[in-house]
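>>> This is the structure alone, sequence omitted:
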Ligand code: GLU
């Protein structure tokens, strides 16, 4: 049997972290078994469609390295892969169910349904359709369908139980008495999620349906639909809930935001994949680092846990730092160049100087946690003067002592001026700056922040000695003179 899995997002906005995990696990299962992974767009809720979502979905998947074998952009024999283009299939299934007595047209008006709900609430009865239109005869139904608006409802079995055999959660039994006759086809001829899913997972020969825990309560609907249509359901795997650090369901506030926002905020796809992989799955009891290549070989549903997973942003930050430090230097240089292109001020000429990027790259590795920090750390290397800064910072970094700030700058000017152009190297510069300790009677770490501000416009950054070397004699001295002028001005 070929394993066939799918990711079936609704294009109602950019995919979020919690949702994309289903894509990663579905993809990994297919890849680990030499199977097929399908992308299907569930665009049946026309009111909630967001135009840009399909692009955002594909972009999110591509960014993470999740490729699909069938779906938008690649096609496939089971297409089209947009549910809105498959309406006849759902209508046919609905008709089959009506003819077999397992579904019926419901002509109830929105007003009647509102009254029914209000009465249920008042009587403290569970909500749900009361089954009024179930009793309409087939003949009458046919006739009324010619002139009245209707939806199609599924006639749930009312006796007994429906059992979900879930690969993660085991067996779960649902009382049929608690189910109601849900809508499968809306008045606009579009299916609801329930019918669309059952028809398409069957048509697309899905073997494993992997989805979030929030769908468990819908499982009896789907199971009964499969039974009534005489189709075999796929194996189900419901992934555990993701909790925020507050141990409540992950929300926008606690991290469940757009995948592409994580990219914008400077996270690497390697870190994101690693992070998502362990939200509900583990390789063994020890492994905390995994690459996408390993994941696609080693993933198995057996090691998905039922217990909720906790989303820990610190963990993601840690992984991001790890992958920044571990990636091959060529790729690191590419990443830096990319973020410089994107984030440096427009005044910096493009393309950004490749020699400079390769010189700075090793220095940035240990200093960058997120890629958004790259451009701010590099900016000082481009202008003649340092990026604008508040002159008060020079004094603040001298422990609030204006006199010390002036002495630091004057001494640095004196010492660096003595370093000739042909000896303007990192090591010479280090020696020169260290000699300032005696002169100032102060430890290096106490006064270098003042020099950082003067040279870079910020109190920390890539190491000072390297920075001075990269800036060159003329610019480095000029920036000290400018700082001196700022201090004079503040007197
Ligand atoms: N369209 C559903 C969603 O966006 C798909 C759920 C499923 O995977 O069955 O969550």
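Happy to help now that I have it. Predicted model only: the values in this text are computed from it and were never measured.
>>> Show the average pLDDT along stretch 115-132.
When pLDDT is averaged along stretch 115-132, the result is 94.
>>> Stretch 261-273 too?
Regarding stretch 261-273, the rounded mean pLDDT is 98.
>>> Span of it from start to end?
15 Å (Cα to Cα, to the nearest Å).
>>> can you check stretch 116-129 too?
8 Å.
>>> Hmm, residue 412 and residue 439 touching each other?
No. Judged on Cβ atoms under 8 Å, residue 439 makes no contact with residue 412 at a distance of 10.0 Å. Yep, even glycine has a C-beta here, placed from its N, CA and C like the rest.
>>> Which one of those two is surrounded by more residues?
Neighbour comparison, residue 439 and residue 412: the larger count goes to residue 412, with 27 against 14 (by other Cβ atoms under 10 Å).
>>> Moving C-terminal from the host helix or strand of the more buried one, which element do we reach first?
Using DSSP states H and E, residue 412 maps to helix 402-417. Remark: after helix 402-417, the chain's next helix or strand is helix 426-434, criterion DSSP H and E.
>>> which residues are contacting whichever helix or strand comes after that following helix?
Following helix 426-434 in sequence order, the next helix or strand is helix 436-440 (DSSP H and E). Outside helix 436-440, the residues within contact range by Cβ atoms under 8 Å, 6 or more residues apart in numbering are 404, 407, 408, 411, 412, 415, 443, 444, 447.
>>> Can you tell me which of those residues are buried?
404, 407, 408, 411, 412, 415, 447 (16 or more other Cβ atoms under 10 Å).
>>> Closest one to residue 172 out of the residues you listed, please.
The nearest member of these to residue 172, counting by Cβ to Cβ, is residue 447 at 66.9 Å.
>>> Can you name the residues that contact the closest one?
With Cβ under 8 Å, 6+ apart, residue 447 has these contacts: 398, 404, 408, 436, 440.
>>> now residue 469
Contacts of residue 469 by Cβ under 8 Å, 6+ apart are 424, 425, 426, 429.
>>> Just the local confidence number for the closest residue in space to the second one that isn't next to it in sequence, please.
Spatial nearest neighbour of residue 425, excluding adjacent residues (Cβ to Cβ, 6 or more residues apart in numbering): residue 469 at 5.9 Å. The predicted structure scores residue 469 at 98 on the pLDDT scale.
>>> Doesn't residue 469 lie inside a strand?
No. In this structure, residue 469 is helix, not part of a strand, as judged by DSSP: H, G, I helix; E, B strand; the rest coil.
>>> Contact distance from the ligand - what residues of the stretch 151-300 of the chain qualify?
Within the stretch 151-300 of the chain, the positions near the ligand by Cβ under 6 Å from any ligand atom are 193, 197, 211, 215.
>>> So which of the residues you listed is surrounded by the most neighbours?
residue 197 (25 neighbours).
>>> So which residues make contact with the helix or strand hosting that residue?
Residue 197 belongs to helix 193-203 when assigned by DSSP H and E. Contact with helix 193-203 is made by 6, 8, 10, 40, 42, 44-45, 78, 83, 86, 89-90, 93-94, 154, 182, 184-185, 191, 206, 209, 218, 221-222, 225-226, 229, 231-234, as judged by Cβ under 8 Å, 6+ apart.
>>> run the last query once more with 7 Å
40, 42, 44, 78, 83, 89-90, 93-94, 182, 184-185, 209, 218, 221-222, 225-226, 231, 234 (Cβ atoms under 7 Å, 6 or more residues apart in numbering).
>>> now the buried ones among the contacts of helix 436-440 in JSON lines, with pLDDT?
What follows is the buried ones among the contacts of helix 436-440, written out as JSON lines (pLDDT from 0 to 100):
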{"residue": "404", "pLDDT": "96"}
{"residue": "407", "pLDDT": "97"}
{"residue": "408", "pLDDT": "98"}
{"residue": "411", "pLDDT": "98"}
{"residue": "412", "pLDDT": "98"}
{"residue": "415", "pLDDT": "97"}
{"residue": "447", "pLDDT": "97"}
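>>> Of those, which pair is most distant in space?
404 and 415 (16.0 Å).
>>> hmm, back to that, if you count neighbours, what's buried in the helix holding residue 197?
Quick answer for helix 193-203 (16+ other Cβ under 10 Å): 193, 194, 195, 196, 197, 198, 199, 200, 201, 202.
>>> ok, then the element right after it?
Heading C-terminal from helix 193-203 (DSSP H and E), you reach strand 208-212.
>>> that older thread, name the nearest of the residues of the stretch 151-300 of the chain next to the ligand relative to residue 338.
residue 211 (34.1 Å).
>>> Who's the closest spatial neighbour of whatever residue of the stretch 101-250 of the chain ends up closest to the ligand, skipping the chain neighbours?
Nearest residue of the stretch 101-250 of the chain to the ligand (Cβ to the nearest ligand atom) works out as residue 211 at 3.5 Å. In this structure, residue 211 finds its nearest non-sequential neighbour in residue 22, 5.5 Å apart by Cβ to Cβ, 6+ apart.
>>> Show me where the stretch 201-350 of the chain has its strands.
Under the criterion DSSP state E, counting those that start in this stretch, the stretch 201-350 of the chain contains strands at 208-212, 235-239, 242-243, 309-310.
>>> likewise the stretch 1-150 of the chain?
Applying DSSP E, counting those that start in this stretch to the stretch 1-150 of the chain gives strands spanning 4-7, 36-39, 103-106.
>>> So which of those is nearest residue 315?
Nearest of the strands of the stretch 1-150 of the chain to residue 315, taken as Cβ to Cβ: strand 4-7 at 23.8 Å.
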